[in-house]
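**Q** Sharing a sequence plus its predicted fold:
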Protein chains: 2
Amino acid sequence: MTLAIVGLGAIGGSFAMRLMKAGYDSIIGIDTDQDTVSYALEAGIIHTGSTSAKDLLSEADVIMLTLYPSQVPAFIEQHRHLFKKNVVLTDVTGIKTSIIRSVHAVLPPDADFVFAHPMRGSEKKGISGASVDKFEGANALITPTDRNKEENLQLIESLYRSAGFETLTRVTPEKHDEQIAYVSQLMHALSVSVVNSEQASEDTLLFAGNSFKELTRIADINVDLWSELFLYNRTALLESIDAFEQELNSLKKALRSWDEVEPDSSADLKAFLSRSRNQRREWY
Amino acid sequence: MTLAIVGLGAIGGSFAMRLMKAGYDSIIGIDTDQDTVSYALEAGIIHTGSTSAKDLLSEADVIMLTLYPSQVPAFIEQHRHLFKKNVVLTDVTGIKTSIIRSVHAVLPPDADFVFAHPMRGSEKKGISGASVDKFEGANALITPTDRNKEENLQLIESLYRSAGFETLTRVTPEKHDEQIAYVSQLMHALSVSVVNSEQASEDTLLFAGNSFKELTRIADINVDLWSELFLYNRTALLESIDAFEQELNSLKKALRSWDEVEPDSSADLKAFLSRSRNQRREWY
């Protein structure tokens, strides 16, 4: 089986390294950056490589696109004439319903696209952010569609296991987007809003402890990628923000209704905090 | 100089351990829990100890109250008849203007209360959460009042340095409360609201990555302590939430105004994310 990885960044590069180590005997690397391709060839993490998809893509049985969401349908449109018959494709993007819609609009009928989401991001861009153990013990989500053949779903799942992933879960694209909006996108939306607050100043770090440092870590964001993730999933993200705001409003109400001389008037706040403490402990 | 530490929990216990090691020759430990006092005596982290303040408090030149905010003025009211003349007191609470007001209402005229805030919290309660290096390299804030003598401010600052603190900053109580509302209380308000969201479920951890785990860490909250911190600083906290909500609203507006076919319509979102990325990089 010949695998082409399109995009040798932190994610694509890590897949190449680990699958090479796992014994895959034909890995093609495609990246628009010549230095990246040369490095990947010299480091022995791909068998062949090119800056141009058209040189090698027609040999691939499986094509993994480690591209930004907007690039995935565009790549297919530009290169589908090169696809081997019955090629299997897969992506690594963090959004699903909107990309499935735009991919299906341009995908050749015989090609099977298995949509997947490796759950390990990277702060580092480019192949220098890749590592052979990046996906060790990580989770991944697979979002089957009506067009997928079971054997191809299993093919991608086995590729993920070879790359070190531990837990693979199949979910609907809708549930994927709703839950990712909550557990990932909302976190990023809160973090960037905290950092952009008018209360931020040069003195902030005099006052800040671990919680501020941790919560704002993800505000050092990849602007181009996250713009796309937010926008292509905006319906689910806006719903997630709404659900969050309901809780923040309950908290504000509990603060406002407090009366210092009434001992019981902190009961609402305590119940609110107890609920989150118990849920957090249940999770971790 | 005889130092009395009232409350041998994670904070008070850590002060005792480190100041004993630093050579303080007379440390009194007071805690309502007999096991805690016995442990502290056996472990050699206090010289004398009691479950009752009245046995030993009159010997103290300096009294450090490591109590919850509401307990600080109450303790003074109940024990001020035991205070040595010109005693110096200090607290470790994370709120200042409201506690200063209530302490000053009950403080004997000759006593000097230096309000301080060691910036290192603890997830662990009780003396088992104490450690000798807990404050190594930590920050602390001192909020001088008109009633403080300079020599007593310096006395507490030198005690903090002996305990391992690195950066001591004097700020006004108002600035303290405003900035702590932002960098600490807001983080906790967001974290508990995320966890309480109706989107939380048993399946959540299938989808969650590091950002969710990190951002919700502090939702496993000490309910009694944080109820007090939130409520006694509610004005500043509500202002901090307002400032945050302004930014979240800008983000929502940028999401809603996006038009997929207009390439430039993501410019507002990109500018928003770039701003937070740049600020975060400036800080850390």
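**A** Received it, and whenever you're ready, just let me know what you need. Residues are numbered from 1 along each chain as shown, chains lettered A, B, ... in the order given.

**Q** which helix in chain A runs the most residues?
**A** For chain A, the longest helix by residue count, based on DSSP state H, is helix A:234-256.

**Q** Dump it to CSV, restricted to CA.
**A** Output of helix A:234-256 as CSV, limited to C-alpha atoms (Å, rounded to 0.1, in the frame of the first residue of the first chain):
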residue,chain,number,x,y,z
ARG,A,234,-19.6,28.9,13.8
THR,A,235,-23.1,27.6,14.4
ALA,A,236,-22.0,25.0,16.9
LEU,A,237,-19.5,27.4,18.5
LEU,A,238,-22.2,30.2,18.9
GLU,A,239,-24.5,27.6,20.5
SER,A,240,-21.6,26.6,22.8
ILE,A,241,-21.0,30.2,23.8
ASP,A,242,-24.7,30.6,24.5
ALA,A,243,-24.8,27.6,26.8
PHE,A,244,-21.7,28.9,28.6
GLU,A,245,-23.2,32.4,29.0
GLN,A,246,-26.2,30.9,30.6
GLU,A,247,-24.0,29.6,33.4
LEU,A,248,-22.0,32.7,33.7
ASN,A,249,-25.2,34.6,34.0
SER,A,250,-26.3,32.3,36.8
LEU,A,251,-23.0,33.0,38.6
LYS,A,252,-23.5,36.8,38.1
LYS,A,253,-27.0,36.5,39.5
ALA,A,254,-25.7,34.6,42.6
LEU,A,255,-23.1,37.3,43.1
ARG,A,256,-25.6,40.2,42.8
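
**Q** tell me the mean pLDDT over that helix?
**A** Helix A:234-256 comes out with an average pLDDT of 98.

**Q** and what of stretch A:114-124?
**A** On average, stretch A:114-124 scores 86.

**Q** before we move on, the earlier item: tell me which residues of the helix or strand following the longest helix of chain A are tucked away?
**A** Next in sequence after helix A:234-256, counting helices and strands by DSSP states H and E, comes helix A:267-283. Of the residues in helix A:267-283, A:268-270, A:272-273, A:275-277, A:279-280, A:283 count as buried by neighbour count, 16 or more other CB atoms under 10 Å in any protein chain shown. Quick note: C-beta positions are derived from backbone N, CA and C, even for glycine.

**Q** filter the residues you listed by proximity to chain B?
**A** Filtering the buried residues of helix A:267-283 for proximity to chain B by CB under 8 Å from any CB of the partner chain leaves A:269-270, A:272-273, A:275-277, A:279-280, A:283.

**Q** okay, those in CSV with distance to B:Glu150 and pLDDT next?
**A** Supplementary listing: those in CSV, determined by distance: CB to CB, whole Å; pLDDT from 0 to 100:
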residue, distance to B:Glu150, pLDDT
A:Leu269, 39, 97
A:Lys270, 40, 97
A:Phe272, 43, 98
A:Leu273, 39, 98
A:Arg275, 47, 98
A:Ser276, 43, 98
A:Arg277, 42, 97
A:Gln279, 48, 98
A:Arg280, 44, 98
A:Trp283, 49, 97
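
**Q** Out of those, flag the one nearest to A:Ser70.
**A** Of all those, A:Ser70 sits closest to A:Trp283, with 33.4 Å by CB to CB.

**Q** just so I have it, where are all the helices in chain A?
**A** Under DSSP H, chain A gives helices at A:10-21, A:34-42, A:53-56, A:71-79, A:97-104, A:150-162, A:173-180, A:186-196, A:204-207, A:210-216, A:223-232, A:234-256, A:267-283.

**Q** quick one on the thing from earlier: can the longest helix of chain A be said to contact chain B?
**A** Yes - Helix A:234-256 is in contact with chain B by CB under 8 Å from any CB, via A:234, A:237-238, A:240-241, A:243-248, A:250-252, A:255-256.

**Q** Now a PyMOL select for only the buried ones of those.
**A** Per 16+ other CB under 10 Å, the buried members of the residues of helix A:234-256 next to chain B correspond to this PyMOL selection:
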select buried, chain A and resi 234+237+238+240+241+243+244+245+247+248+250+251+252+255
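
**Q** which one of the residues of helix A:234-256 next to chain B is nearest B:Val87?
**A** Of all the residues of helix A:234-256 next to chain B, B:Val87 sits closest to A:Leu255, with 34.8 Å by CB to CB.

**Q** for A:Phe244, what are its contacts?
**A** Applying CB atoms under 8 Å, 6 or more residues apart in numbering or on different chains, we find A:Phe244 in contact with A:186, A:190, B:193-194, B:197.

**Q** burial of the residue nearest to A:Phe115 when sequence neighbours are not counted, as a residue count?
**A** Among residues not flanking A:Phe115 along the chain, A:Thr143 sits closest, at 4.7 Å (CB to CB, 6 or more residues apart in numbering or on different chains). Using other CB atoms under 10 Å in any protein chain shown, A:Thr143 is surrounded by 22 other residues.

**Q** Tell me, what's the model's pLDDT at A:Thr143?
**A** A:Thr143 carries a pLDDT score of 98 in this model.

**Q** still on that earlier bit, for the contacts of A:Phe244, work out which two are farthest apart.
**A** Spatially, the most separated pair among those is A:Leu190 and B:Ser197, at 11.4 Å (CB to CB).

**Q** thought A:Asn196 was touching B:Leu273?
**A** No - A:Asn196 is beyond contact range of B:Leu273, at 9.2 Å (criterion: CB atoms under 8 Å).

**Q** circling back: neighbour count winner among A:Leu190 and B:Ser197?
**A** The neighbour count for A:Leu190 versus B:Ser197, taken as other CB under 10 Å, is higher for A:Leu190 (29 against 22).

**Q** Contact partners for the nearest residue to the more buried one once chain neighbours are set aside?
**A** For A:Leu190, ignoring the flanking residues on the chain, the nearest one in space by CB to CB, 6+ apart is B:Leu190 at 5.4 Å. Neighbour list for B:Leu190: A:190, A:194, A:215, A:248, B:215, B:244 [criterion: CB under 8 Å, 6+ apart].

**Q** pretty sure A:Ala254 is touching A:Leu273, no?
**A** No - contact between A:Ala254 and A:Leu273 fails when scored by CB under 8 Å: they sit 9.1 Å apart.

**Q** give me the number of residues near the nearest residue to A:Arg275 once chain neighbours are set aside?
**A** Residue nearest to A:Arg275 in three dimensions, not counting chain neighbours: B:Asn196, with 5.6 Å by CB to CB, 6+ apart. For B:Asn196, the neighbour count with other CB under 10 Å is 23.

**Q** So B:Asn196 sits against A:Ala271, correct?
**A** No - look at B:Asn196 against A:Ala271 with CB under 8 Å: they stay out of range, at 10.3 Å.

**Q** what distance separates stretch A:182-196 from the middle of the whole chain?
**A** With CA atoms, centre = their mean, to the nearest Å as the basis, stretch A:182-196 stands 15 Å off its chain's centre.
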